[in-house]
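K.L.:
Kindly return the folded structure for what I paste below:
(chains A and B)
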Amino acid sequence: AQKVTQAQTEISVVEKEDVTLDCVYETRDTTYYLFWYKQPPSGELVFLIRRNSFDEQNEISGRYSWNFQKSTSSFNFTITASQVVDSAVYFCALSGVNAGNMLTFGGGTRLMVKP
Amino acid sequence: DAGVIQSPRHEVTEMGQEVTLRCKPISGHNSLFWYRQTMMRGLELLIYFNNNVPIDDSGMPEDRFSAKMPNASFSTLKIQPSEPRDSAVYFCASAQGRTEAFFGQGTRLTVV
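P.N.:
Numbering: from 1, shown residues only, chains lettered A, B, ... in the order given. Next comes the predicted model:
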């Protein structure tokens, strides 16, 4: 069985603040993939990043960065200098090789960035 | 590529009616997923196809729900008979192997 937990259901910050969204996962697979998706108010699900279990290098893309820590089964997402357009629900997801590549989503974190 | 295409975008139907949701995956993708999103339960995986074959349908709520994938470019999710508690946004997503899944824009279903 695989499980993704996003303990923060809602976060509110003021524009330009940094914010970190937490994601903790459980899986018995040794090979697995982790993802982050963004769901803006318009409702679509937008892919942000994929990491595989063998690559613990942190990744930075503009104001976005991701910290993968296998030792703590975490894959946290940080937005630097947040902007109002970052307001959305963010989902962390897990796909294990032995789970048939099914995507299991966390409950999501609603981020509100206020001007 | 136009991405994953779902139809209709919105559906309002009366309790007891049959509802069919449609999905066209991205060409070349061999995995297809149907998800349901509600405020109470979040994003739930209903069924997963690989190479047009249903691999896991353990998320399908009950016998009123059925899904088919007759070929690599088309899938349907049918609810018969529909009930008010089926009201949700239904997403279809496709992926190539173990790569990221791309989602359609969803079908907002309201059963009155």
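
K.L.:
how much space between the residue nearest in space to the middle of chain B and B:Glu44?
P.N.:
Against the mean C-alpha coordinate of chain B, by CA atoms, centre = their mean, the closest residue is B:Trp34 at 3.5 Å. Relative to B:Glu44, B:Trp34 is positioned 10 Å away (CB to CB, to the nearest Å). (C-beta placed from N, C-alpha, C; glycine too.)

K.L.:
and what of A:Gln2?
P.N.:
14 Å.

K.L.:
What of B:Glu18?
P.N.:
Going from B:Glu18 to B:Glu44 by CB to CB gives 21 Å.

K.L.:
before we move on, what about A:Ser73?
P.N.:
22 Å.

K.L.:
likewise A:Pro40?
P.N.:
Using CB to CB, A:Pro40 is found at 21 Å from B:Glu44.

K.L.:
what about the two, which has more around it?
P.N.:
Neighbour count, other CB atoms under 10 Å in any protein chain shown: between A:Pro40 and B:Glu44, B:Glu44 has more, with 16 against 13.

K.L.:
Isn't that one up against B:Gly59?
P.N.:
Yes. Using CB atoms under 8 Å, B:Glu44 makes contact with B:Gly59 at a distance of 5.8 Å.

K.L.:
Give me the helix or strand of chain A that scores worst on average pLDDT.
P.N.:
strand A:59-61 (a mean of 87; mean pLDDT, DSSP states H and E).

K.L.:
Direction included, what does the helix or strand that comes right after that one pair up with?
P.N.:
Proceeding N to C from strand A:59-61, the next assigned helix or strand is strand A:64-69, under DSSP states H and E. When pairs are called by DSSP bridges, strand A:64-69 turns out to pair with strand A:59-61 (antiparallel), strand A:74-79 (antiparallel).

K.L.:
pLDDT averaged over the last one - what is it?
P.N.:
Computed over strand A:74-79, the mean pLDDT rounds to 96.

K.L.:
so how far is it from its chain's centroid?
P.N.:
Here strand A:74-79 is found 6 Å from its chain centre; the criterion is CA atoms, centre = their mean, to the nearest Å.

K.L.:
Next: the first one.
P.N.:
Averaging C-alpha coordinates over strand A:59-61 and over its chain gives two centres that are 13 Å apart (CA atoms, centre = their mean).

K.L.:
By neighbour count, which bits of it are buried? Give me those.
P.N.:
By neighbour count with 16 or more other CB atoms under 10 Å in any protein chain shown, strand A:59-61 contains no buried residues.

K.L.:
So which residues make contact with that strand?
P.N.:
If you take CB atoms under 8 Å, 6 or more residues apart in numbering or on different chains as the criterion, strand A:59-61 is touched by A:Ile49, A:Arg51, A:Ser65, A:Trp66.
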